[in-house]
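*Asks:* Return a 3D structure for these sequence lines:
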Amino acid sequence: MPATILIADDHESSLAGLQALLQLEGYQVVSARDGETAFSEFERVKPDLLLLDVDMPGMRGTEICRRIKSNPNTMLVPIVLITGLTAMEDRLLGIEVGADDFLNKPVRHEQLIARVRSLLRLKAFTDELERAEAVLYALARSIEGKDHYTGGHCERLADLSAQLGERMGLPAEEIKALRRAGVVHDIGKVAVPDSILLKPSRLTPREQKIIRQHPVVGEQICAPLKSFQLVLPIIRHHHEKMDGSGYPDGLKGERIPLTARILQIVDVFDALSTARPYKPALSLEKSLSVMKKEVTKGWWDPTVYAIFEELIESRERPQTKALAASAH
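*Replies:* Residues are numbered from 1 along each chain as shown. A predicted model of the protein is given here:
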């Protein structure tokens, strides 16, 4: 399918010229003559690229750009702002709101086509990455779906790990990696037979050896995706222990990446506090008590655990207050 381009310009001659040129190049073109119409058309059509005149009646092009780029679902759609030759303030504002490129009036045709082709190639690449990520997420959820006891496990890990990372002051890219890892951390279990994965009784030494390879397999599955480079260490090392008794590499202490130490704390808590084939769900208090004992054994990072405990207690306090208020 040819790419769809939305052009917004209140000057009829400029709009007609841009539309005719892009249609000659084989693109599908949708047009708007004011800001409000342009934004509604964007939501309706979901174009691959936008050409926005900065000065339009109603909503300016920079405001449309700001709204689109501030939405995580649309922020990767390329936007070109069309400005006057001397409109430096518009350019600075355009950079602030996330515009991908600028064209000066009057627009040179060869320059327009070169910019459009370049940005659409980039858009196709990012779309391909998103599709690859979607396949990984679907695979991870299909593994989770095999066992009804672990339903919602991935979402809980993604949300709580990201919250813990934020509480610890991690940079945004590592918090994003934690959220992704929460979903795909066990994707390597695709290579584990169901007879082992769903076995309700204790695993044999041979079966344990097989299942302990899933972090390595998971890393290999996700390694080709460049956007997952910060996720790979979390996948590989979320079963390591601070005393070196974990797997697959037997790392000790701070050699275990901090993001992996964060995810493993949340993973252990979720395993304790939810029902599994081999055990009932533990209460919050009992789960934390078990984890404290494991911290003293040298399994989990005591600093990460202390902050996690604060996070859990802060989440519980509003619920406790609400229950107390309803009782009166």
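
*Asks:* so where do the strands sit in the chain?
*Replies:* If DSSP state E is used as the criterion, the strands of the chain fall at 4-8, 28-32, 49-53, 79-83, 101-104.

*Asks:* Just give the nearest non-adjacent residue to I211, would you?
*Replies:* In this structure, I211 finds its nearest non-sequential neighbour in V192, 5.5 Å apart by CB to CB, 6 or more residues apart in numbering. Quick note: C-beta positions are derived from backbone N, CA and C, even for glycine.

*Asks:* hang on, isn't A260 packed against L230?
*Replies:* No - between A260 and L230 there is no contact, the gap being 10.9 Å when judged by CB atoms under 8 Å.

*Asks:* of these two, who's got more company?
*Replies:* Set side by side, A260 and L230 show more neighbours around A260, with 25 against 18, by other CB atoms under 10 Å.

*Asks:* Nearest spatial neighbour of the more buried one, chain-adjacent residues omitted?
*Replies:* H237 (3.9 Å).

*Asks:* quick one: the one you found from D249, how far?
*Replies:* Taking CB to CB, to the nearest Å as the criterion, H237 is separated from D249 by 7 Å.

*Asks:* These two: who's more crowded?
*Replies:* In this view H237 and D249 are compared by other CB under 10 Å, and H237 has more residues nearby, 23 against 15.

*Asks:* Assess the claim that the more buried one and L251 are in contact.
*Replies:* Yes - if you go by CB under 8 Å, H237 and L251 touch, sitting 6.3 Å apart.

*Asks:* shouldn't L18 be in contact with D9?
*Replies:* Yes - taking CB under 8 Å as the definition, L18 is a contact partner of D9 at 7.0 Å.

*Asks:* Need the residues touching each of the two.
*Replies:* Where contact means CB atoms under 8 Å, 6 or more residues apart in numbering, the residues bridging L18 and D9 through contact with each are L51.

*Asks:* Neighbours of the residue nearest to H109 when sequence neighbours are not counted, how many?
*Replies:* Taking CB to CB, 6+ apart as the measure, H109 lies nearest to L21, with 5.7 Å between them; neighbours along the chain are not counted. Other residues within reach of L21 by the criterion other CB under 10 Å amount to 16.

*Asks:* where's L288 relative to G169, distance?
*Replies:* In this view, L288 and G169 are 23 Å apart by CB to CB.

*Asks:* With M56 instead?
*Replies:* Here the criterion is CB to CB. By it, M56 lies 41 Å from G169.

*Asks:* Next: V116.
*Replies:* V116 is 41 Å from G169, by CB to CB.

*Asks:* repeat for E43
*Replies:* Counting by CB to CB, the separation of E43 from G169 is 36 Å.

*Asks:* who's in contact with the spatially closest residue to D100 that is not a sequence neighbour?
*Replies:* Once its chain neighbours are removed from consideration, D100 has its nearest residue in P78; the separation is 4.5 Å (CB to CB, 6+ apart). By CB under 8 Å, 6+ apart, the residues touching P78 are D48, L49, L50, D100, D101, L119, L120, L122, K123.

*Asks:* mind checking how far P78 is from R117?
*Replies:* Distance, P78 to R117, using CB to CB: 11 Å.

*Asks:* quick one: low-confidence parts of the stretch 201-328 of the chain?
*Replies:* Per-residue confidence of the stretch 201-328 of the chain (counting by pLDDT under 70) places the weak regions at 276-278, 317-328.

*Asks:* those helices in it, which residues are they?
*Replies:* Using DSSP state H, counting those that start in this stretch, the helices assigned to the stretch 201-328 of the chain run over residues 205-211, 214-222, 232-237, 258-273, 284-296, 302-327.

*Asks:* And the contacts of the third one?
*Replies:* Counting by CB under 8 Å, 6+ apart, helix 232-237 makes contact with 177-178, 181, 184-185, 187-188, 215-216, 218-219, 222-223, 248-249, 251, 256-257, 259-260, 263, all of which sit outside it.

*Asks:* What residues does V54 make contact with?
*Replies:* Residues in contact with V54 (CB under 8 Å, 6+ apart) are R60, G61, T62, L81, I82, T83, G84, A87, D90, G94.

*Asks:* What about these, which are in helices?
*Replies:* G61, T62, D90, G94 (DSSP state H).

*Asks:* Mind giving me the PyMOL select for the residues you listed, buried ones only?
*Replies:* A single PyMOL command suffices to select whichever of the ones in helices among the contacts of V54 are buried according to 16 or more other CB atoms under 10 Å:
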select buried, resi 61+62+90+94
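
*Asks:* Neighbour count: L288 and G169, which is higher?
*Replies:* Under the neighbour definition other CB under 10 Å, L288 and G169 were set side by side, and L288 has more, 19 against 8.

*Asks:* can you give me the helices in the stretch 1-150 of the chain?
*Replies:* Ranges of helices within the stretch 1-150 of the chain are 12-24, 35-45, 61-69, 88-97, 109-145, based on DSSP H, counting those that start in this stretch.

*Asks:* of these, which approaches D270 most closely?
*Replies:* With CB to CB as the measure, helix 109-145 is the member of these nearest D270 (11.9 Å).

*Asks:* So which other helices or strands are in contact with that closest one?
*Replies:* With contacts defined as 3 or more CB pairs under 8 Å, 6 or more residues apart in numbering; DSSP states H and E, helix 109-145 has these neighbours: helix 12-24, strand 49-53, strand 79-83, strand 101-104, helix 153-167, helix 172-184, helix 214-222.
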